[in-house]
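J.: Need coordinates for the below:
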Amino acid sequence: MSQRSISPERLSPEFAGMRDGTRLSYRLVKGNGDRRCLLVHSLAMDKTFWNATVEALAAGADVLIYDCRGHGASDKPEGPYSVEQFAGDVADLMDHVGWKSATVAGASMGGCVALAFAAGFPERVEALGLFDTTAWYGENAPQAWAERAEKALEGGMAALVAFQKTRWFSDAFREADPAIVEAAIAVFLANDLKAYAATCAMLGHADLRQALPTFNFPCRVVVGSEDYATPPDMARTMAGAIPGATLDILQGARHFTPLEVPAIIASHLDLLLDASSGGRR
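T.: As a prediction, this is how the structure comes out:
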């Protein structure tokens with residue numbers, strides 16, 4: 001993914017050890033140290049998924065971005081994986097950098113991880129951003145995700161590219177910004193097949209619905225009007241179950257809003273960071 005114009009010294013990668021010995025690659029982008037934000041990327045992407053959003057935040061917060069286990073430069077241990085395990089990684093990573101709490105946000109898979117973290121570690125969440133995501137993919141999710149994983153295992157990640165790029169980006173965006181589309185595809189193609197399959201199974205079995213009514217921190221739910229992966233109806237249901245959550249449906253956007261409209265996503269993060277002011281633990 002393009003590094004955009006973020007200065008190299010703000011992007012130097014480091015590694016953190018998790019409780020089970022897995023090493024995760026992360027970057028702590030220094031900004032306004034009074035505000036802290038951790039971002040979790042989408043399935044089969046990596047930390048660079050957030051570069052444009054971090055740039056749009058314009059150093060308005062210290063931002064922690066990382067490669068989830070099984071992704072990017074992080075270790076790729078054998079499955080099975082679970083969203084609770086990924087949430088534990090978030091806690092361990094925050095411990096590693098000395099953060100007791102932060103605004104936590106995620107996109108797609110990252111949103112499921114953010115939900116699991118909010119459910120398991122509510123005292124560490126100052127505010128929650130849920131982008132292009134859902135608390136539950138539905139009754140048929142285990143089979144649907146298993147079929148996607150099997151297609152990748154049989155034909156490689158390339159077998160999914162045509163499907164994914166139309167699912168990620170609107171027709172207009174693919175025509176206007178082909179370089180961003182191609183960069184996302186390059187990250188996608190570099191994935192480890194077994195780790196991808198394990199993560200697909202994780203998402204197929206994820207169900208965070210029971211935790212939603214217990215959240216007592218600011219929350220913003222954002223989805224594209226053309227999102228066919230986690231449609232607006234899923235976002236409405238999720239937002240309706242979270243006390244005080246706001247919902248923003250972005251007209252014309254599809255599933256990768258942090259890449260299609262990073263300035264809008266950054267503005268939502270900025271609002272969450274403002275809402276969490278004074279709540280630092």
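
J.: and the spatially closest residue to A211 that is not a sequence neighbour, which of the three is it?
T.: Spatial nearest neighbour of A211, chain neighbours left out: A119 (3.6 Å); criterion: CB to CB, 6 or more residues apart in numbering. Heads up, the C-betas are built off the backbone N, CA and C, glycines and all. Of the three states, A119 takes helix under DSSP: H, G, I helix; E, B strand; the rest coil.

J.: now swap in the one 4 residues further on and tell me
T.: In the three-state summary, E123 is assigned as helix, counting by three-state DSSP.

J.: returning to that earlier point: pretty sure the residue nearest to A211 is touching A206, no?
T.: No. Here A119 lies out of contact with A206, judged by CB atoms under 8 Å, at a distance of 11.0 Å.

J.: neighbour-wise, which of these two wins?
T.: The residue with more neighbours, out of A119 and A206, is A206; 24 against 19, by other CB atoms under 10 Å.

J.: Now that we're looking at the more buried one, what pLDDT does it have?
T.: With respect to pLDDT, A206 scores 99.

J.: who touches it in this structure?
T.: Contacts for A206 were tallied using CB atoms under 8 Å, 6 or more residues apart in numbering; they are 83, 112, 116, 135-137, 141.

J.: if you set the cut-off to 6 Å instead, what comes out?
T.: 83, 112 (CB atoms under 6 Å, 6 or more residues apart in numbering).

J.: Just checking: what are the partner strands of the helix or strand harbouring G106?
T.: Assigned by DSSP states H and E, G106 falls within strand 102-107. Within its sheet, and counting by DSSP bridges, strand 102-107 is paired with strand 36-40 (parallel), strand 125-131 (parallel).

J.: what's the neighbour count on A158?
T.: Residues lying near A158 (other CB under 10 Å) number 11.

J.: And the residue lying closest to it once chain neighbours are set aside, how close does it get to A56?
T.: Nearest non-adjacent residue to A158, counting by CB to CB, 6+ apart: L189, 6.3 Å away. As judged by CB to CB, to the nearest Å, L189 and A56 stand 26 Å apart.

J.: any idea how far L269 is from E147?
T.: Taken as CB to CB, the span from E147 to L269 is 34 Å.

J.: In contact with W99, which residues?
T.: Counted by CB under 6 Å, 6+ apart, W99 has contacts R36.

J.: before we move on, what SS does it have?
T.: coil.

J.: And it, how far from D34?
T.: W99 sits at a distance of 13 Å from D34 (criterion: CB to CB).

J.: Quick check: mean pLDDT of stretch 36-47?
T.: On average, stretch 36-47 scores 99.

J.: Kindly check the end-to-end length of it for me.
T.: Taking CA to CA, to the nearest Å, stretch 36-47 runs 16 Å from one end to the other.

J.: gap between it and the chain center?
T.: Relative to its chain's centre, stretch 36-47 lies at 4 Å (CA atoms, centre = their mean, to the nearest Å).
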